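**Q** Pasted the sequence and its predicted model underneath.
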Amino acid sequence: MLLLNSKSPLYYQLAEIIIAEIKDKNLKENDRILTEREYCEKYNLSRATVRQAIAYLEKKGYIYKIQGCGTFVSSRMMKQKLLKFYSFTEEMKKQGKVPESKILSFREKKADEKISKELNIDAGENIFELVRLRIADGEEVMYEKTYLPAKKFPNLSKKDLLKNSLYGILESRYKLVFTKALERFSVLSADTKTAEILKIPENSPLIKLQRWTYTGIEIIEYTVSSVRGDRFEFEVELEES
């Protein structure tokens, strides 16, 4: 309901109504919203006010236009804040998404030179390799491989990981205290295999996310993720020291 005596301008009030419909999923991704004329009639607004609201929503990324077809609800970008340790599952729930993690493989193997360097262990040491597909609202958004030094986590099994989160297991069963994590981002294009797994066109833009997790001075996890660049964004809040 628009409030004529509100301090907020009418275009902003209309934009907030539409945003609420999107967040409440009354308007879903790729749904067509009302025409400018329909909004004018529904809320007794001028065409200029409605156009200002639509322009505001388009600038904010809530909607997109297709010439000759109308205006539609944009696919919502999934945000990830990088100020602290986070859980994919919990972050997706906060954003109103239904999360799912599929374990594609879990095995113990010998560390090659690259992985041994990332984990700061000797080449040939046993490691666990966990390959997962992260899904939000039924859509594949992240393909990741996690490596752990096997000697640190005796008896870790796929069965455990099917029942509990990885970090939860490391904290509860192995009594680990995470002291810091280093994350590094780069941009790449999807190769044939990754494109097939994420169900996107080959050469689509991806964010390569590498994470090294520490307990004290020891690296206890190295993860490399391929994240869909069209569906995910990362956010860092900077504060003046």
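**A** That came through fine. Numbers count the residues shown, from 1 in each chain.
**Q** Now do the same contact list for the residue lying closest to L133 once chain neighbours are set aside.
**A** Nearest non-adjacent residue to L133, counting by CB to CB, 6 or more residues apart in numbering: K102, 4.4 Å away. For every residue, glycine as well, the C-beta is placed using N, CA and C. K102 makes contact with R132, L133, I135 under the criterion CB atoms under 8 Å, 6 or more residues apart in numbering.
**Q** Work out for me the element K102 sits within.
**A** strand 99-110 (DSSP states H and E).
**Q** Now do the buried residues in the following helix or strand past that strand.
**A** Counting by DSSP H and E, the next helix or strand C-terminal to strand 99-110 is helix 113-119. Of all the residues in helix 113-119, those buried under the rule 16 or more other CB atoms under 10 Å are I115, S116, E118, L119.
**Q** closest to K28 among those?
**A** Distance to K28, by CB to CB, is smallest for E118 among the buried residues of helix 113-119, at 40.6 Å.
**Q** Give me the three-state assignment for L170.
**A** Per DSSP: H, G, I helix; E, B strand; the rest coil, the local secondary structure of L170 is helix.
**Q** For this structure, give me the ranges with low pLDDT.
**A** 1-5, 75-87, 94-95, 233-241 (pLDDT under 70).
**Q** how about the helices of it, start to end?
**A** Across the chain, reading from the start of the chain, the helices by DSSP state H fall at 10-23, 36-43, 47-59, 88-94, 113-119, 158-163, 166-172, 192-198.
**Q** which helices and strands sit right next to the first one?
**A** Counting contacts by 3 or more CB pairs under 8 Å, 6 or more residues apart in numbering; DSSP states H and E, helix 10-23 packs against helix 47-59.
**Q** Wait, E29 touches I63, no?
**A** No: with contact defined as CB atoms under 8 Å, E29 does not count as touching I63 (10.7 Å).
**Q** Compare these two (neighbour count), which wins?
**A** Set side by side, E29 and I63 give different neighbour counts by other CB atoms under 10 Å, the larger being at I63 (24 against 13).
**Q** can you tell me how far that one sits from S225?
**A** The gap separating I63 from S225 is 29 Å, by CB to CB, to the nearest Å.
**Q** Repeat that for T35.
**A** For T35, the distance to S225 under the criterion CB to CB works out to 41 Å.
**Q** the more surrounded of these two?
**A** Here T35 and S225 are compared on neighbour count by other CB under 10 Å; more neighbours surround S225, at 21 against 13.
**Q** My guess is the more buried one contacts K208. True?
**A** Yes: using CB under 8 Å, S225 and K208 qualify as a contacting pair, with a distance of 7.4 Å.
**Q** joint contacts of these two?
**A** Taking CB under 8 Å, 6+ apart as the criterion, S225 and K208 do not both touch any residue.
**Q** Tell me which of the helices of the chain sits nearest to I127.
**A** When the helices of the chain are compared by CB to CB, helix 113-119 sits nearest I127, at 6.3 Å.
**Q** quick one: that closest one to chain centroid distance?
**A** Mean C-alpha position of helix 113-119 versus that of the full chain (CA atoms, centre = their mean, to the nearest Å) differs by 26 Å.
**Q** Return the alpha-carbon coordinates of that helix using PDB.
**A** Taking only C-alpha atoms (Å, rounded to 0.1, in the frame of the first residue of the first chain), the coordinates of helix 113-119 have been written out as PDB:
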ATOM      1  CA  GLU A 113      53.300 -32.500  -6.200                       C
ATOM      2  CA  LYS A 114      50.700 -29.700  -6.600                       C
ATOM      3  CA  ILE A 115      48.400 -30.900  -3.700                       C
ATOM      4  CA  SER A 116      51.300 -31.700  -1.400                       C
ATOM      5  CA  LYS A 117      52.500 -28.100  -1.900                       C
ATOM      6  CA  GLU A 118      49.100 -26.600  -1.200                       C
ATOM      7  CA  LEU A 119      48.700 -28.700   2.000                       C
END
